[in-house]
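Peer 1: this is the structure alone, sequence omitted:
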């Protein structure tokens with residue numbers, strides 16, 4: 001299947017049990033490095049608090065960077081899947097590769113979320 005020159009993978013149907021398997025696989029990745037998962041989440045939590053000290057701009061910046069950090073967690077998962085280690089620098093890998101594209105995703109996500117908030121507010125009716 002192709003849309004505007006992009007090659008897309010054909011969707012496939014799976015049983016509900018496949019979702020349970022998927023969660024189990026995620027748990028196995030967590031179990032390989034539980035301390036690093038907890039530390040990385042705590043680092044992001046502290047970073048969010050520090051960034052949000054700057055009114056409005058700090059919170060917006062952190063929202064726009066969510067896909068950047070998400071990509072870092074994907075890098076960490078891939079490392080664990082292939083027998084490697086989970087290193088804290090994995091969480092920041094999105095800053096090194098595809099940063100601009102990931103921020104565009106963050107902008108799109110923020111725009112969609114803010115649009116839905118504005119369209120569902122009582123004053124917009």
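Peer 2: Received, thanks. Computed from a prediction, not measured in an experiment: that's the story for all the values here. Residues are numbered from 1 along each chain as shown.
Peer 1: can you pull out the strands in this protein?
Peer 2: 2-3, 6-7 (DSSP state E).
Peer 1: which of the ones you listed has the lowest average pLDDT?
Peer 2: Here the lowest mean pLDDT among those goes to strand 2-3, at a mean of 59.
Peer 1: for this structure, where's the lowest mean pLDDT among helices and strands?
Peer 2: strand 2-3 (a mean of 59; mean pLDDT, DSSP states H and E).
Peer 1: could you pull out the buried residues of the lengthiest helix in the chain?
Peer 2: If you go by DSSP state H, the chain has its longest helix at helix 99-120. In terms of neighbour count (16 or more other Cβ atoms under 10 Å), helix 99-120 has its buried residues at 102-103, 105-106. Using the backbone N, CA and C atoms, a C-beta is placed for each residue, glycine as well.
Peer 1: for it, packing partners?
Peer 2: helix 57-64, helix 66-81 (3 or more Cβ pairs under 8 Å, 6 or more residues apart in numbering; DSSP states H and E).
Peer 1: who does the last one touch, helix- and strand-wise?
Peer 2: Contact analysis of helix 66-81 by 3+ Cβ pairs under 8 Å, 6+ apart lists helix 16-32, helix 34-51, helix 88-91, helix 99-120 as its packing neighbours.
Peer 1: these: which one's closest to residue 65?
Peer 2: helix 99-120 (6.2 Å; Cβ to Cβ).
Peer 1: quick one: contacts of that closest one?
Peer 2: By Cβ atoms under 8 Å, 6 or more residues apart in numbering, the residues outside helix 99-120 that reach it are 60, 63-68, 70-71, 94, 124.
Peer 1: again, only this time at 10 Å
Peer 2: Applying Cβ atoms under 10 Å, 6 or more residues apart in numbering, the external contacts of helix 99-120 come out as 60-72, 93-95, 98, 124-125.
Peer 1: good, we can wrap up now.
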